[in-house]
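Trainee: Structure here, sequence nowhere to be found:
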């Protein structure tokens, strides 16, 4: 296979004609494949089925404090579930609130709360700040950007590298501009790059000196225990580091069991300092009497302990690791020799981030769709869907069965090479 960037026009023409034939053959198969979102596949969902039968008599519904979990009460969640999530976050259980099934919902609520009620006494609610801004490490998670877009923030893209966001840029911006109110972070196995923030990056976040007293770090640790490697990444504890710098109010931490048990019926949690938690619980007092304590209880009973939870994650690893191997091995075999793309090789999480030839991402996604393969839209990993290089594509390997995943990757590689040939022949 030739390296496209060093090929002659004649060689590219021949390659293009060959790829067009392969592409037409693929279209003729009438495929229906999907790698659009990071959804657990059936094999993963089946891992937790026994949990649904774990509370089925009246005595089973009684929590450790004697509370009948079928009834109203306990706004912040049952103690044993807060303790479990405290171990996940690495904080005291007193700093944890258990929500519904969605951490994204808790993040939306957190932003909503700060929009309408000051998180710091003496500050304005964010809706009164007309030029409010939010920092968005890119490529990043489209649903994060959607929240701040919904609330009218100007979103400032911050480049990412293998250590995390550009901290020089973040430190300068937040120190100079008090209209910057926060930053989105997926610190471990980031969506979509799969990188984990370095110790230095975490310490620099903890030592920030924002001009805005109500600046907050939205620390979405969605993949904190989602390892697929025998040598998993380690993430420094942001809260511990913030306590050391006197900045314990900076981070708002989130995670859930959505990709551990059932995405539609997991348990979500938020961890924050006592000062932050006081503001949020006052808001939640008006919003809800209590979340689903039966679901909290059955998760706790099912895992038994944090150790039991980690053992369960080994079962997910056994399902997911071969899927990542399919994606990465196919890219190595079919794309690497062409020299037209680069990609990450994560040790965990749910995604592989691919940078195809600049100016071709939208074309690749469109070609894939026409051939029966649905991907996340090109540009989705940037605020407002605007990837300035039109190069980043997020691959989600988890949902398709392995045979379909291999077929999907073969289709993707044909489309990526076809788009690259088109671009190079045009230019």
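Mentor: Looks like it arrived, so ask away. Remember, it's a predicted structure, so these values are computed and weren't measured experimentally.
Trainee: Could you use CA atoms for every contact and neighbour count after this?
Mentor: Will do.
Trainee: Tell me which helix or strand comes right after the helix or strand bottoming out on mean pLDDT in the chain.
Mentor: When the helices and strands of the chain are compared on mean pLDDT, DSSP states H and E, strand 33-35 comes out lowest with a mean of 93. Following strand 33-35 in sequence order, the next helix or strand is helix 42-46 (DSSP states H and E).
Trainee: which other residues reach that following helix?
Mentor: Taking contacts as Cα atoms under 8 Å, 6 or more residues apart in numbering, the residues outside helix 42-46 that touch it are 261-262, 316, 319, 399.
Trainee: swap in stretch 268-279?
Mentor: Residues outside stretch 268-279 that contact it (Cα under 8 Å, 6+ apart) are 85-86, 89, 91, 95-103, 106, 119, 248-249, 251-258.
Trainee: And the strands in the chain, which stretches?
Mentor: Assigned by DSSP state E, the strands in the chain fall at 33-35, 96-98, 133-138, 154-161, 164-165, 180-185, 216-220, 251-256, 268-271, 342-343, 352-355, 373-375, 392-395.
Trainee: wait, which of those is closest to residue 363?
Mentor: Among the strands of the chain, the nearest to residue 363 by Cα to Cα is strand 392-395 (11.0 Å).
Trainee: what packs against that closest one?
Mentor: Using 3 or more Cα pairs under 8 Å, 6 or more residues apart in numbering; DSSP states H and E as the contact test, the elements touching strand 392-395 are strand 352-355.
Trainee: Partner strands of the strand it packs on and their direction?
Mentor: Strand 352-355 sits in its sheet next to strand 342-343 (antiparallel), strand 392-395 (antiparallel), going by DSSP bridges.
Trainee: out of the ones you listed, nearest to residue 33?
Mentor: Nearest to residue 33, of all those, is strand 392-395, at 12.6 Å by Cα to Cα.
Trainee: For the closest residue to residue 15 other than its chain neighbours, give me its contacts.
Mentor: Nearest residue to residue 15, sequence neighbours excluded (Cα to Cα, 6 or more residues apart in numbering): residue 421, at 7.6 Å. Residue 421 makes contact with 4, 12-13, 15-16, according to Cα under 8 Å, 6+ apart.
Trainee: Same question for residue 389.
Mentor: With Cα under 8 Å, 6+ apart, residue 389 has these contacts: 358-359.
Trainee: one step back: so which of the strands paired with strand 352-355 comes closest to residue 115?
Mentor: Of all the strands paired with strand 352-355, strand 392-395 sits nearest to residue 115, with 30.7 Å by Cα to Cα.
Trainee: what's around residue 224, how many residues?
Mentor: 22 (other Cα atoms under 10 Å).
Trainee: ok, the closest residue to it other than its chain neighbours - how many residues close by?
Mentor: Computed as Cα to Cα, 6+ apart, the closest residue to residue 224 that is not its neighbour in sequence is residue 188, at 5.9 Å. The number of residues packed near residue 188 is 29, by other Cα under 10 Å.
Trainee: List the contacts of residue 188.
Mentor: Residue 188 is in contact with 194-197, 221-224, 233, 235, 349, counting by Cα under 8 Å, 6+ apart.
Trainee: And the helices in the stretch 201-350 of the chain, which stretches?
Mentor: With DSSP state H, counting those that start in this stretch as the criterion, the stretch 201-350 of the chain has helices at 238-245, 274-287, 293-303, 306-334.
Trainee: Okay, buried residues for the second one please.
Mentor: So the one you mean is helix 274-287. Along helix 274-287, the positions that meet the burial threshold by neighbour count (16 or more other Cα atoms under 10 Å) are 276-277, 279-280, 283-284.
Trainee: cool, and the longest one?
Mentor: For helix 306-334, the buried set under the neighbour-count rule, 16+ other Cα under 10 Å, comprises 306, 309-310, 312-313, 316-317, 319-321, 323-324, 326-328, 330-331, 334.
Trainee: pLDDT of it, averaged?
Mentor: Averaged over helix 306-334, pLDDT sits at 98.
Trainee: what angle sits between it and helix 293-303?
Mentor: Relative orientation of helix 306-334 versus helix 293-303 (axes from the mean of the first three to the mean of the last three Cα atoms, to 10 degrees): 80 degrees.
Trainee: Which strands and helices lie in contact with helix 306-334?
Mentor: The helices and strands touching helix 306-334, judged by 3+ Cα pairs under 8 Å, 6+ apart, are helix 42-46, helix 79-89, helix 402-426.
Trainee: Could you measure from the residue nearest to residue 15 over to residue 285?
Mentor: 59 Å (Cα to Cα, to the nearest Å).
Trainee: How far does stretch 128-136 sit from its chain's centre?
Mentor: 22 Å (Cα atoms, centre = their mean, to the nearest Å).
Trainee: for stretch 268-277, same thing?
Mentor: 20 Å.
Trainee: on that earlier part again, widest-spaced pair of the contacts of helix 42-46?
Mentor: Pairwise distances across those (Cα to Cα) peak at 15.4 Å, for the pair 262 and 319.
Trainee: What is the neighbour count of the closest residue to residue 60 other than its chain neighbours?
Mentor: Closest residue to residue 60 apart from its sequence neighbours, by Cα to Cα, 6+ apart: residue 54 at 7.9 Å. Close neighbours of residue 54, defined as other Cα under 10 Å, add up to 15.
Trainee: wait, doesn't residue 54 sit right on residue 301?
Mentor: Yes: applying Cα atoms under 8 Å, one finds residue 54 in contact with residue 301, separated by 7.3 Å.
Trainee: Can you report how many residues lie near residue 410?
Mentor: Counted with other Cα under 10 Å, residue 410 comes out at 17.
Trainee: shift numbering so it begins at 32
Mentor: Right, with 32 as the first residue, what we last looked at is residue 441.
Trainee: list the contacts for the nearest residue to it once chain neighbours are set aside?
Mentor: In space, and not counting its chain neighbours, residue 441 is closest to residue 361: 7.3 Å by Cα to Cα, 6+ apart. Residue 361 is in contact with 437, 440-441, counting by Cα under 8 Å, 6+ apart.
Trainee: Brilliant, that's me finished.
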